[in-house]
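[1] Starting from these lines, generate the structure:
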Amino acid sequence: MTTATLDRPAQRRDARATTGSVVTGIGVTAPNGLGTEAWWAATLRGESGIRPVTRFDAARYPVRLAGEVPGFVDEDHLPGRLLPQTDRVTRLSLTAAKEALDDFGGDPAALPEYGAGVVTASSAGGFEFGQRELQALWSKGGQHVSAYQSFAWFYAVNTGQISIRHGLRGSSGVVVAEQAGGLDALAHARRQIRKGAGLMVTGGVDSALCPWGWAAHLAAGELSPVADPGRAYLPFAPEACGHVVGEGGALFVLENASAARERDARVYGAFTGYAATFDGPGTPRLGDAARLALADAGVRPD
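    Model (predicted):
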């Protein structure tokens, strides 16, 4: 994806776009900061969010580091009625969505009834919730399985819960993907804006820091076994030896540019170009994706 410069909270200026889709709200739940302000300040300081796992006992596993969202107290962010029916990933998603909509500064309810929607990306859905209920099924029997298991584990649950909580009844969806899922979700949201939606909440959030999720990650054989948090994840170094699992993500409010201009909204950036490619056998195509995204944006590399 190519965009205009995204001005973060410490130094914002308006990026005036006349057509297309613009970002007018940001919400972040990240291992190096809960909330956009905290995350951006930590990023500027070069602070990593990699630390020993605390969400479960990882002592028996060959990998014991992860990126956990710090200081997240569920009850501080969600009403009590939602706690029994949501997984950690959905709670993080709802928190990011609220921050993004608060940052947006407008009133989604002022849009036409079906004028605002949600598109999120998830690779695993409510993994921790699913593990807990499957354990109850195997150890105690079906009568001990929560009725909320029917949807709390599902890939689309974040989209659904955000839509319900904020009354966003427009066209919505979910992208089941991994690293590029957030970008693909934004592209899908942009298509909805082009079809007439006034506003879309979009991005990607994941969390699978539980024994079941850990076993799945370990099975791929690509996790870094290094015990030093400062050396475990070195993606561009010769001594790189794998990746570190994290949780959290970011959600944007993507808005019709004309509507944003009419209400004199603060605009972080314009979504101007996107492309997706697939690598073939021995044929990496990341460069092609960059060229196609630039072409979609109508700009040259220079």
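
[2] Next up, the contacts around F127.
    Residues in contact with F127 (Cβ atoms under 8 Å, 6 or more residues apart in numbering) are 87, 89, 153, 207-208, 210, 212-213. Every C-beta, even on glycine, is put in place using the N, C-alpha and C of the backbone.

[3] Buried among the residues you listed? Need that as a selection in ChimeraX.
    Restricted to buried positions by 16 or more other Cβ atoms under 10 Å, the ChimeraX selection for these reads:
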select :87,89,153,207,208,210,212,213
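
[4] Of the contacts of F127, which is the nearest to S171?
    V89 (22.5 Å; Cβ to Cβ).

[5] ok, back up a step: adding distance to P108, secondary structure and pLDDT, write the contacts of F127 out as CSV.
    Listed next are the contacts of F127 as CSV, based on distance: Cβ to Cβ, whole Å; DSSP: H, G, I helix; E, B strand; the rest coil; pLDDT from 0 to 100:
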residue, distance to P108, secondary structure, pLDDT
D87, 25, coil, 94
V89, 23, helix, 95
W153, 28, coil, 90
S207, 25, coil, 94
A208, 30, coil, 91
C210, 33, coil, 93
W212, 36, helix, 92
G213, 33, helix, 91
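
[6] What separation is there between F154 and G106?
    Separation of F154 from G106 (Cβ to Cβ, to the nearest Å): 30 Å.

[7] let me redo that: W138
    48 Å.

[8] quick one, domains of the chain?
    21-271, 273-301 (the TED database).

[9] Return the distance of the first one from the chain's centre.
    Right, domain 21-271. 4 Å (Cα atoms, centre = their mean, to the nearest Å).

[10] what about that domain, start to end distance?
    From its first residue to its last, domain 21-271 covers 6 Å (Cα to Cα, to the nearest Å).

[11] and what of stretch 139-150?
    Stretch 139-150 has an end-to-end distance of 19 Å (criterion: Cα to Cα).

[12] in the stretch 101-250 of the chain, which spans are strands?
    116-122, 173-176, 199-206, 248-256 (DSSP state E, counting those that start in this stretch).

[13] Ignoring the adjacent residues along the chain, who's closest to the most centrally placed residue in the chain?
    Taking Cα atoms, centre = their mean, the centroid of the chain lies closest to G204, which sits 2.2 Å from it. Sequence neighbours aside, G182 is the residue nearest to G204 in space, at 3.1 Å (criterion: Cβ to Cβ, 6 or more residues apart in numbering).

[14] Also V253?
    G25 (3.2 Å).

[15] Give me the secondary structure label for the one you found.
    Three-state call for G25 (DSSP: H, G, I helix; E, B strand; the rest coil): strand.

[16] do you know how far the residue nearest to V23 when sequence neighbours are not counted is from I26?
    Residue nearest to V23 in three dimensions, not counting chain neighbours: Y268, with 4.4 Å by Cβ to Cβ, 6+ apart. Here Y268 is placed at a distance of 6 Å from I26 (Cβ to Cβ).

[17] just G105 next, same as before
    Taking Cβ to Cβ, one finds G105 at 12 Å from I26.

[18] What of H188?
    Relative to I26, and taking Cβ to Cβ, H188 is found at 18 Å.

[19] higher neighbour count, the two?
    More crowded of H188 and I26, by other Cβ atoms under 10 Å: I26, with 24 against 21.

[20] No further questions, thank you.
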